[in-house]
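[1] sequence and predicted structure are below.
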Amino acid sequence: MTTTLVRPTEDAKLRVMKNENWTKAVYETNGLNLWYGTAHALKNIDLSINEKEVTAIIGPSGCGKSTYLKTLNRMVENVGDVTISGNVTFMGNNILGKAMSVELLRSKVGMVFQKPNPFPKSIYENVAYGPKIHGIRNKAMLDMIVEDSLRKAALWDEVKDRLNKSAYSLSGGQQQRLCIARCLAVDPEVILMDEPTSALDPVSTHKVEELIRTIKNDVTIAIVTHNMQQAARISDRTAFFLNGEIVECDRTSTLFSTPTDERTEDYINGRFG
Amino acid sequence: MDRVLQSKINRRLTKDSAMKWLFGAVVAAVLGITFFLFYGIGADGVGRLNLSFFTNFGSRFPEKAGIKAALVGTLALMAVVIPVSMFLGLCSAIYLEEYAKKNKWTAFIEMNISNLAGVPSVVFGLLGLTVFVRALLLGNSILAAGLTMSLLILPIIIVASQEALRSVPDTLREASYGMGATKWQTIIHVILPSATGSILTGSILSFSRAIGETAPLIVLGIPVIVQFLPTGPLSTFTALPMQIYDWAKRPQPEFADAASAGIIVLMVLLITMNGFAIYFRNRSEKKLKS
């Protein structure tokens, strides 16, 4: 199996060549192990993330769910002393190999973080950042991308009159939706969300969840969450992590109604975690 | 009520107000000394601050002595110091903070840079004399003095820039890398714009140190009485602190007035630069907030 990767180009639509044995799963993970120094953080993870679905990853603190998410765009390597074995493919391309350019991978896979982290720039510049670093200079094109992304993120009506104001003038919830708009601006295949609502109030949380429901028609979403009700509300499939292992992964409705593993049942019923 | 507790509290309150008076008195003393210093210099020097003071070269006759050569020399010196020290300092800081792995070696290098900031300026003068003036045959030129001064303030600029880069939150770096930006794109579009204010503040303060330094210039053999303006980077020159030092040690009291006038010019230059530093800091803080 040989894979051809396109380096980031001037082209607006960055394309990853779809591998011949690529099927419905955007991400396939097989036998993934990860160590921080000598600490074994992920143990034999097998998991697929399906196209145009919301996959929720739940589990108690320190179970490796964020680590797994950060492996999917290789941000985990920025932490420091990390050893990875196993196999992770993104649309049929091995992402752990030397041939994979992380810049290309990350321009196809956006990430939304726990705390809203807009750049200290204007609202417009925040959304235009991704297209600009990938070589789009045309002002009309940028204007279009910014408006389109902000509309998709359900933020356009709130900010259209103050696009040149600092992103820090927005509320926390608006900032998080701006971060989602910033991801959408590079037209990603997948958005990884690492507890995107844990720093937000219930109303803002609701808006972000609404947003996830609408954008999942266009992008695949993997979301790490502490909040089991949230997983139940918005996800199609749920994976339950515990101590670096996957205990169970199933359709969300099945996992929450009839979990097969006792530990899953205990966790979703609030007996621990 | 509780007499014992009340008397204990009274003792504490006495101590409280005593400390307030102590700190207030220290501030008043410092302000008083500074005021007398400025007053003395102002009273002596203001009379000499006329146009001919700025248009005359140095002279044996105190009434004819002016700072034309010294002022132009100092500005020419800064024209070398600012670009050289900024370029070297910023590049070093970016490498150490953003590229270099954090290990024993980088810790060792950073410790040495901090120590260099404490080395007496006369030592840098000797280094400049050996390397720039003699080995590289630059003579007692603007370039030789500029390079020496750049080395002198380089550690301060590196440390200040590193602190500025370190204060940029990692969440911004993550956001940028998460979009597929390269390291350089992240540095130039996200990190540097956020750190510029603090980098400029630290750098400008160190430039004002370079303006006021005298010892390295003496060691380099920079002349005092120069009857021409510098013609290029390899031209010899004199600088404000050299000129002031020379006037101050002459016996005629009229030269003391000229020295005071020179100090006023130097102070105005320094206060202007510090004003710029404060302006840049406020502007970058405002930019981050609103």
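    Looks like it came in fine.

[2] so where's the chain shaky on pLDDT?
    All of this refers to chain A. Low-confidence segments of chain A (pLDDT under 70): A:1-23, A:273.

[3] actually it's chain B I care about, not the one you picked
    In chain B (pLDDT under 70), the answer is B:287-290.

[4] my guess is A:Ala181 is in a strand, correct?
    No: counting by DSSP: H, G, I helix; E, B strand; the rest coil, A:Ala181 falls outside a strand, being helix.

[5] B:Leu143 contacts B:Pro230, doesn't it?
    No: with contact defined as C-beta atoms under 8 Å, B:Leu143 does not count as touching B:Pro230 (10.3 Å). C-betas here are computed from N, CA, C, even on glycine.

[6] from the contact counts, what lies against the longest helix belonging to chain B?
    Taking DSSP state H as the criterion, chain B has its longest helix at helix B:3-45. Of the remaining helices and strands, those touching helix B:3-45 by 3 or more C-beta pairs under 8 Å, 6 or more residues apart in numbering or on different chains; DSSP states H and E are helix B:253-289.

[7] return the set of buried residues in the helix it packs on.
    B:255-266, B:269-270, B:277, B:280-281, B:284, B:287 (16 or more other C-beta atoms under 10 Å in any protein chain shown).

[8] just checking, A:Lys43 is part of a strand?
    Yes: according to three-state DSSP, the state of A:Lys43 is that of a strand.

[9] for it, give me its contacts.
    By C-beta atoms under 8 Å, 6 or more residues apart in numbering or on different chains, A:Lys43 lies in contact with A:33, A:243-245.

[10] what is the nearest of these to chain B?
    Lowest distance from chain B to the contacts of A:Lys43 (C-beta to the nearest C-beta) belongs to A:Gly244, with 22.4 Å.

[11] against A:Lys43, how distant is the closest one?
    Going from A:Gly244 to A:Lys43 by C-beta to C-beta, to the nearest Å gives 5 Å.

[12] how is chain B partitioned into domains?
    Using automatic domain parsing, the domain ranges for chain B come out as B:3-48, B:52-289.

[13] give me whichever of those domains is most buried.
    domain B:52-289 (a mean of 18; mean count of other C-beta atoms under 10 Å in any protein chain shown).

[14] A:Ile136 against A:Asp143, yeah?
    No: if you go by C-beta under 8 Å, A:Ile136 and A:Asp143 don't touch, sitting 10.9 Å apart.

[15] between the two, which has more neighbouring residues?
    A:Ile136 (18 against 13; other C-beta atoms under 10 Å in any protein chain shown).

[16] and what about the residue nearest to A:Leu32 when sequence neighbours are not counted, helix, strand or coil?
    Once flanking residues are discounted, A:Leu32 sits nearest to A:Gly86: 3.7 Å by C-beta to C-beta, 6 or more residues apart in numbering or on different chains. Following three-state DSSP, the label given to A:Gly86 is strand.

[17] I'd like to know how many residues surround A:Gly86.
    By other C-beta under 10 Å, neighbour count at A:Gly86 equals 16.

[18] need the contact list for it.
    With contact set as C-beta under 8 Å, 6+ apart, A:Gly86 has these partners: A:29-33, A:44-45, A:96.

[19] what's the farthest-apart pair in those?
    A:Asn44 and A:Leu96 (15.1 Å; C-beta to C-beta).

[20] and stretch B:51-69, end to end?
    When the termini of stretch B:51-69 are compared using C-alpha to C-alpha, to the nearest Å, they are 14 Å apart.

[21] now that stretch: how far from the chain's centre is it?
    26 Å (C-alpha atoms, centre = their mean, to the nearest Å).
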